[in-house]
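Everything below, folded, please.
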Amino acid sequence: MDNKIFVGSLAWATDDAGLRKAFEQFGEIESANVITDRQSGRSRGFGFVTFKDAKSAEEAMSLDQSELDGRKIIVSKARS
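Got it, this is the predicted structure:
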């Protein structure tokens, strides 16, 4: 769980590829998923990025309060 981060306050337009692109500068990514509503398929405004190693995840948290697709995002360690 140390290599997984939570990304909140995402713009509705942000998709998996956009999320991956924003964080790939910090290291190899295993997965980047924007969580969507099961009924509508619309983004729920948050997602998760899983890195290959914990050091990359730690460095990626420096993007907390930065802007992605016109919104200020929240980045923190994912909780189980």
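
so what's the residue of the chain positioned farthest from its centre scoring on pLDDT?
Relative to the C-alpha centroid of the chain, counting by C-alpha atoms, centre = their mean, residue 39 is the outermost residue, at 21.9 Å. With respect to pLDDT, residue 39 has a value of 96.

Quick check: it vs residue 61, distance?
32 Å (C-beta to C-beta, to the nearest Å). C-beta coordinates here come from the backbone N, C-alpha and C atoms, glycine included.

Also residue 33?
Where residue 61 is concerned, residue 33 sits at a distance of 18 Å (C-beta to C-beta).

ok, now residue 38?
With C-beta to C-beta as the criterion, residue 38 and residue 61 are 29 Å apart.

the more surrounded of the two?
Legend: neighbour count by other C-beta atoms under 10 Å for residue 38 and residue 61, higher for residue 61 (14 against 7).

tell me the SS of that one?
Secondary structure of residue 61, reduced to three states by DSSP: H, G, I helix; E, B strand; the rest coil: helix.

Surely it and residue 76 touch.
Yes: under the criterion of C-beta atoms under 8 Å, residue 61 makes contact with residue 76 at 6.7 Å.

Identify the contacts common to the two.
Common contacts of residue 61 and residue 76 (C-beta atoms under 8 Å, 6 or more residues apart in numbering): residue 5.

Just the helices from the chain, written as ranges.
Here the chain has its helices, by DSSP state H, at 16-23, 54-60.

between those helices, which one is nearest to residue 68?
Closest of these to residue 68 is helix 16-23, at 5.3 Å (criterion: C-beta to C-beta).

Any buried residues in that closest one, and which?
Across helix 16-23, burial judged by 16 or more other C-beta atoms under 10 Å covers 18-20, 22-23.

Repeat that for stretch 2-21.
Of all the residues in stretch 2-21, those buried under the rule 16+ other C-beta under 10 Å are 3-5, 7, 10-11, 14-15, 18-20.

What's the mean pLDDT across it?
The average of the pLDDT scores along stretch 2-21 is 97.

How about stretch 25-35?
Mean per-residue pLDDT for stretch 25-35: 98.
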